[in-house]
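Visitor: Sequence and computational prediction follow.
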Amino acid sequence: MTCIKIVVKQVGKRHKRELRLAPHATIADLLRKLDQNRETIVVRRNGKIVVEEERLSDGDLIEILPIVTGG
Amino acid sequence: MTCIKIVVKQVGKRHKRELRLAPHATIADLLRKLDQNRETIVVRRNGKIVVEEERLSDGDLIEILPIVTGG
Amino acid sequence: MLKCTFCGRRAAYNRRYAGVLLCDRCLIKSVEKRFRRAIAEHKLLSPGERVAVAVSGGKDSIAAMHLLVEHCGRKNCELVAITIDEGIKGYRDQSLPIARENAKSLGIEHYVVSFKRTFGATLDQMVRRANARKTELNPCTYCGVMRRSLLNQAARELGADKLATAHNLDDEVQAIMLNYVRADFSRLHRLGPSYPPREGFVPRIKPLREIPEKEVALYALLRGLEVHLAVCPYTGGIHTEIRDFLNRIEANHPNSKFMILRMFDRLKPQLARIVPEFEMRRCKNCGEPTSANICKSCELLKELGLRRLRKTLISPKSS
Amino acid sequence: MLKCTFCGRRAAYNRRYAGVLLCDRCLIKSVEKRFRRAIAEHKLLSPGERVAVAVSGGKDSIAAMHLLVEHCGRKNCELVAITIDEGIKGYRDQSLPIARENAKSLGIEHYVVSFKRTFGATLDQMVRRANARKTELNPCTYCGVMRRSLLNQAARELGADKLATAHNLDDEVQAIMLNYVRADFSRLHRLGPSYPPREGFVPRIKPLREIPEKEVALYALLRGLEVHLAVCPYTGGIHTEIRDFLNRIEANHPNSKFMILRMFDRLKPQLARIVPEFEMRRCKNCGEPTSANICKSCELLKELGLRRLRKTLISPKSS
């Protein structure tokens, strides 16, 4: 079982990160790993807003957009 | 400014730990460092139950006793 | 060394929500005073009554038993103790002897009612069955419903006028918050310092309801009571999330727990207007009080493929 | 690829509390439907009314403005927009142009009222003064009290029949929880889909109150609206603790936020019996409505050594 490699960009932070995940990992798995609550963000996968239950593929660019702005 | 050295024993866990803290550190500082909420524990210092605002001294034995047991 | 605000001895506790430090003796006195005040203010006990106290062996119930035995001595009440043995390996089997020893040393009659003998299965066995059957209910549901039912029945069989439980401030505020989150009006309505008498129910009282968990623990530890301090293996889920939230809020904003309690106590009389009063019936299966045909315990047992084995819990020899 | 439960296109959102997946189009339609339903169900707007909408430039208020302008077109209502410029460097100065651009592109009159011109100090300056004077109040207190007061006054001066704010489900449930924890009955009583008319107050309406924050954000993003998405530098404290708790609970137990809202909405009519109705007066200083001699804004200003510089906010040229 080989890992998949994805790139994560958290909007508002400068750097992109490359992460390795198990095959069949979902975006929800990734969010858990990054300690991100799905209620507070929107996820774009290769530019498209998608649901957190989608599986990741090798080479995906995942953008995490925080939406909770107020006090 | 030299550090103080204390020994921490979390009741229920096997091992004691030795920790270094800044001089004038209080038990509350130690609890923050250990991510322990004061509402859920009782602290014994050298065998005596004490308040979390007491300052630590070099060589202190600090026991942390979890009191939240229920569901 | 930090000193007691009242007597100048070494402080053992910082009661931040009141802005005072307390030494061991003053903490013990304060807890005893609040316990007596709760009984007087909410008329929890009358002289001459027979009280059953639920004792698990943990700090809260052991403290409650010691506080009650002293109170009963003064007020000419009779105290009996009941332990429900749910059958939780490595947990209840360790606390049960502690409950027994404490009752013995205080000279209190002690009765043990077990899930195993009553339902033919321990809680551990029920949890395994629930997992196998994928009922999606968590262990606390089985434990809570069945323990509550058995406590009530045992207290009734023992002729108790009141059933005392050791719920502390933290327990009560957690229950309030849980029912706010679940929008459960009937459960919310049932919370409070006492639960009024209803057909088939022994009135329940909670004399520790206004004492924070940490103060109950300190009371037991500083008095040197023998208590069981271990974490139930089935903790988790929403109960734990709510408890952690409340402890974080209280640590950062002392007095929050009391504020939540006070607000609820002011809301409670209004809840009666929303919650429909329902008729009490008898469970067709076990005869215990219920608002449905079958009581919740029997319903849960059925889902697990189990049934009640004994109708009566307390035999003259089970002491 | 996961598909929309309704139309089979690619899903963009998992609405877990309802057990359905939604594509971009169906999410937009659903949000618009809920917005219209809120207005109809709670009679938030009547045909021909003049509505002022509070617009910060964030996702919620920009979404609200776009939803309202379409509604007003159909129902023959008039819409004006008000932005309060509190003076938060690196935050409001970035969102204000976005509010202005959106209003302009929609052809809506837009008014800006600033703390600086009204009180002689920006919020940033107030916070520095508060720290120097150790008032122990947090920035959200100044911001909240003064912004609310200015919004009301500006809406009144503009002859608005209603003042619409963009509070979403998350905002409302956080406020409910905060007031449970603080035991603040009067604040709790003031929450709801609308705030009834009172002397000196423009009735407030919250048409997004039953739309979760994430759905409002998705609505704005999927419609391609230009919004400001940045975190206020003054967030923190108990508000953040409560928000984090609610988001954790919702993530682990979907529908909890709605449950809290539903429970509150059932409790609310009962709160009127507890909260005393107080007489409305005029602030001796600025003339704004208050239950005391001096309104809360003027009281806070005084503590900071500041005072109101302008009585009237909207001049014909301030558009």
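Guide: Alright, I've got the coordinates. Numbering: from 1, shown residues only, chains lettered A, B, ... in the order given.

Visitor: And residue C:202, its phi and psi?
Guide: Dihedral pair for residue C:202: phi -80, psi 130, per degrees, to the nearest 10.

Visitor: Could you do residue A:7 as well?
Guide: According to degrees, to the nearest 10, residue A:7 has phi -110, psi 130.

Visitor: measure it to residue D:182 for me?
Guide: Going from residue A:7 to residue D:182 by Cβ to Cβ, to the nearest Å gives 44 Å. C-beta here means a position set from N, CA and C on the backbone, and glycine is covered the same way.

Visitor: Which one's more surrounded, those two?
Guide: Shown here are residue A:7 and residue D:182; by other Cβ atoms under 10 Å in any protein chain shown, residue D:182 has more neighbours (17 against 13).

Visitor: tell me the contacts of the nearest residue to residue C:256 once chain neighbours are set aside?
Guide: Nearest residue to residue C:256 in three dimensions, chain neighbours excluded: residue C:249, at 4.6 Å (Cβ to Cβ, 6 or more residues apart in numbering or on different chains). Listed by Cβ atoms under 8 Å, 6 or more residues apart in numbering or on different chains, the contact set of residue C:249 reads C:256, C:257, D:181, D:238, D:241, D:242.

Visitor: which SS class is the fourth one?
Guide: Translated: residue D:238. Under DSSP: H, G, I helix; E, B strand; the rest coil, the three-state class of residue D:238 is helix.

Visitor: phi, psi of the closest residue to it other than its chain neighbours?
Guide: Once flanking residues are discounted, residue D:238 sits nearest to residue C:253: 5.8 Å by Cβ to Cβ, 6+ apart. Per-residue torsions, residue C:253: phi -140, psi 80 (degrees, to the nearest 10).

Visitor: If I look at residue C:253, what pLDDT would I see?
Guide: pLDDT recorded at residue C:253 is 96.

Visitor: Same question for residue C:94.
Guide: 95.

Visitor: Now do the contacts for it.
Guide: By Cβ under 8 Å, 6+ apart, residue C:94 lies in contact with C:57, C:228, C:230.

Visitor: And the second one, how far from chain B?
Guide: As defined by Cβ to the nearest Cβ, to the nearest Å, residue C:228 lies at a distance of 8 Å from chain B.

Visitor: quick one, what contacts the spatially closest residue to that residue that is not a sequence neighbour?
Guide: Nearest-residue entry for residue C:228: residue C:95, 3.7 Å, with adjacent residues in sequence omitted and distances by Cβ to Cβ, 6+ apart. The neighbours of residue C:95, taking Cβ under 8 Å, 6+ apart as the test, are C:56, C:57, C:58, C:228, C:230.

Visitor: cool, residue C:137 as well?
Guide: Residue C:137 makes contacts with C:130, C:300, as judged by Cβ under 8 Å, 6+ apart.

Visitor: A strand includes it, no?
Guide: No. The assignment for residue C:137 is coil, going by three-state DSSP, so no strand is present there.

Visitor: Next one: the closest residue to residue C:292 other than its chain neighbours from residue C:289, what distance?
Guide: Excluding its sequence neighbours, the residue lying closest to residue C:292 (Cβ to Cβ, 6+ apart) is residue C:281, at 7.4 Å. Distance, residue C:281 to residue C:289, by Cβ to Cβ: 7 Å.

Visitor: ok, now residue C:207?
Guide: In terms of Cβ to Cβ, residue C:207 sits 24 Å off from residue C:289.

Visitor: okay, those two: which has more neighbours?
Guide: residue C:207 (29 against 17).

Visitor: Please name the residues that touch the closest residue to the more buried one other than its chain neighbours.
Guide: Leaving out its chain neighbours, the residue that sits closest to residue C:207 by Cβ to Cβ, 6+ apart is residue C:38, at 4.9 Å. Residues counted as contacts of residue C:38 (Cβ under 8 Å, 6+ apart) are C:44, C:193, C:206, C:207, C:208, C:209, C:210.

Visitor: Find the helix or strand that residue C:38 is a member of.
Guide: Using DSSP states H and E, residue C:38 sits in helix C:24-41.

Visitor: Not counting sequence-adjacent ones, nearest residue to residue C:312?
Guide: Closest to residue C:312 by Cβ to Cβ, 6+ apart is residue C:157, at 6.7 Å.

Visitor: list the contacts for the one you found?
Guide: Each residue near residue C:157 by Cβ under 8 Å, 6+ apart is listed here: C:312, C:313, C:314.

Visitor: Most neighbours among those residues, which one is it?
Guide: Most neighbours among the contacts of residue C:157, by other Cβ under 10 Å: residue C:313, with 22 neighbours.

Visitor: shouldn't it be in contact with residue C:150?
Guide: Yes. Contact between residue C:313 and residue C:150 holds when scored by Cβ atoms under 8 Å: they sit 6.5 Å apart.

Visitor: residues shared between the contacts of these two?
Guide: The contact lists of residue C:313 and residue C:150 share C:113, C:118, where a contact means Cβ under 8 Å, 6+ apart.

Visitor: doesn't residue C:203 make contact with residue C:197?
Guide: Yes. Using Cβ under 8 Å, residue C:197 makes contact with residue C:203 at a distance of 4.6 Å.

Visitor: which one is the residue nearest to the spatial centre of chain A nearest to, not counting chain neighbours?
Guide: Centrality entry for chain A: nearest residue to the mean C-alpha point is residue A:62, 4.5 Å, by Cα atoms, centre = their mean. Once flanking residues are discounted, residue A:62 sits nearest to residue A:8: 5.0 Å by Cβ to Cβ, 6+ apart.

Visitor: The one you found: neighbour count?
Guide: So residue A:8, with other Cβ under 10 Å, has 20 neighbours.

Visitor: likewise residue C:174?
Guide: Neighbours around residue C:174, by other Cβ under 10 Å: 24.

Visitor: Chain C against chain B: which residues are in contact?
Guide: C:1-2, C:10-14, C:21, C:24, C:58-60, C:140, C:143-144, C:170-171, C:212-214, C:217-218, C:221-222, C:228-232, C:234-235, C:239, C:243-244, C:247-248, C:250-251 (Cβ under 8 Å from any Cβ of the partner chain).
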